[in-house]
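**Student:** Curious how this folds, go ahead:
(one chain, ligands or ions: 1)
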Amino acid sequence: MRKVIVDTDTGVDDALALLLLAADPDVEILAAVSVFGNTTGERAADNARYVLDTAGRQDVPVYRGSDAPLKAELRLNPGIHGEDGFGNTGLRPQISVPTEPDGVQVILDLVREHEGEIDYIALGPQTNLARAIEIEPDLLQKLRSTTIVGTLGPALYGDTEPWADRRFRVSRDPNVSFDIDAAEIVASRPGDVTWCGPYVTRQAMVPEQFFLDIAESTGHAPAELITKISADYAGFYTRSYPQPDGHRTMGINDSLAVASLLRPDLVAGAVQRPLQTFEDPQTGDRYLAGVHPVKGETRPVHRVVFDMDFDGVLELIGETLRRPLPWR
Ligand SMILES: [Ca+2]
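**Tutor:** Numbering: from 1, shown residues only. Now for the predicted structure:
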């Protein structure tokens, strides 16, 4: 069994990613820990609880992690996942996730207990990881692996302004932008770390109809949950990324990172790079990207994914949502 900690700012694509983990018979989710991002930390925790309950996984514990960035001001954007992270559907679990124990302490305790055995997957800002690293500087080396949704991707040789590269303009990198200080802390530590950012994930647009068809043909609660919470979300994606035939579409960002962990064969391209932050002088936005090593490089090297087998990921999602409950 693969032991996993999932760190989530539970919005729509996080919900789908959580379902992939919850359905996998080879995955033991030791804990889901919330982080602010797509919504408040409080709602992120309750949404994770709701997703796991919907999947019949009441056995998976959810904890409250960080509610704000390390130093930066908390600025949420309700325009994509809604105020509640669930497309303003107002869905909530029967019992809200309590504020205690502190999710970061839970992470530290679990890593101590299962040193070298845990695959950590961060679907939101890297704040929980950074706070845990501040207490346990070798945290990443004590994890079996760390997979993070973030970075602009690997910069090309000689790129000194990655945001000027058209490839990077497909999207911003919300998770890193929310808490660049946390991202820098994580990027500065050695470990088996994989970054899978919007440069990859925004290539994977899925027609909303894909989910509607599965929900309608199976009537399974997890598939129905995704269609319920994604109506506004698909509206945002359809406006932002108009499709040639006008069909409604949506991103599945966090699922790609989960797929890269569960199904490494679906990673079509990745490089080992040190990471560096850049500041866009026009907007003041700061970004993290994998860069070519310099002579006598001393920075730790992490893995940056730049391509995936998107059809394979979609197949994995389809299989998962068509699989009848119970998943345990
Ligand atoms: Ca997320």
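
**Student:** of all the residues in this structure, which ones are close to the ion?
**Tutor:** Where the chain comes near the ion, counting by Cβ under 5 Å from the ion, the residues are Asp9, Asp14, Leu123, Gly124, Asp254. In this view, the C-beta of every residue, glycine as well, is placed from N, C-alpha and C.

**Student:** Relative to His220, which of those is nearest.
**Tutor:** Distance to His220 across the residues of the chain next to the ion (Cβ to Cβ) is lowest for Asp14, with 18.9 Å.

**Student:** so who does that closest one touch?
**Tutor:** Shown in contact with Asp14 (Cβ atoms under 8 Å, 6 or more residues apart in numbering): Thr8, Asn38, Ala44, Asn47, Ala48, Val51, Gly85, Leu123, Gly124, Asp254.

**Student:** Could you pull out the helices in the stretch 151-300 of the chain for me?
**Tutor:** Here the stretch 151-300 of the chain has its helices, by DSSP state H, counting those that start in this stretch, at 174-178, 180-187, 198-201, 208-218, 221-229, 231-240, 253-262.

**Student:** hmm, back to that, show me the residues of the chain next to the ion that map onto helices.
**Tutor:** Judged by DSSP state H, the subset of the residues of the chain next to the ion located in helices is Asp14, Asp254.

**Student:** Dump the residues of the chain next to the ion into a markdown table; add pLDDT and distance to Glu208 as well.
**Tutor:** What follows is those, written out as a markdown table (pLDDT from 0 to 100; distance: Cβ to Cβ, whole Å):
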| residue | pLDDT | distance to Glu208 |
| --- | --- | --- |
| Asp9 | 98 | 22 |
| Asp14 | 98 | 17 |
| Leu123 | 98 | 21 |
| Gly124 | 98 | 23 |
| Asp254 | 96 | 17 |
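
**Student:** Go through the residues of the chain next to the ion and name the one nearest Arg64.
**Tutor:** Asp9 (12.3 Å).

**Student:** Quick one: residues contacting that closest one.
**Tutor:** Contact partners of Asp9, counting by Cβ under 8 Å, 6+ apart, are 34-39, 41, 44, 85, 123-125, 175.

**Student:** now do 7 Å
**Tutor:** By Cβ atoms under 7 Å, 6 or more residues apart in numbering, the contact set of Asp9 is Val35, Phe36, Gly37, Asn38, Thr39, Ala44, Leu123, Gly124, Pro125.

**Student:** what about the stretch 101-250 of the chain, any weak spots by pLDDT?
**Tutor:** For the stretch 101-250 of the chain, residues meeting the criterion pLDDT under 70 lie at 163, 165-171.
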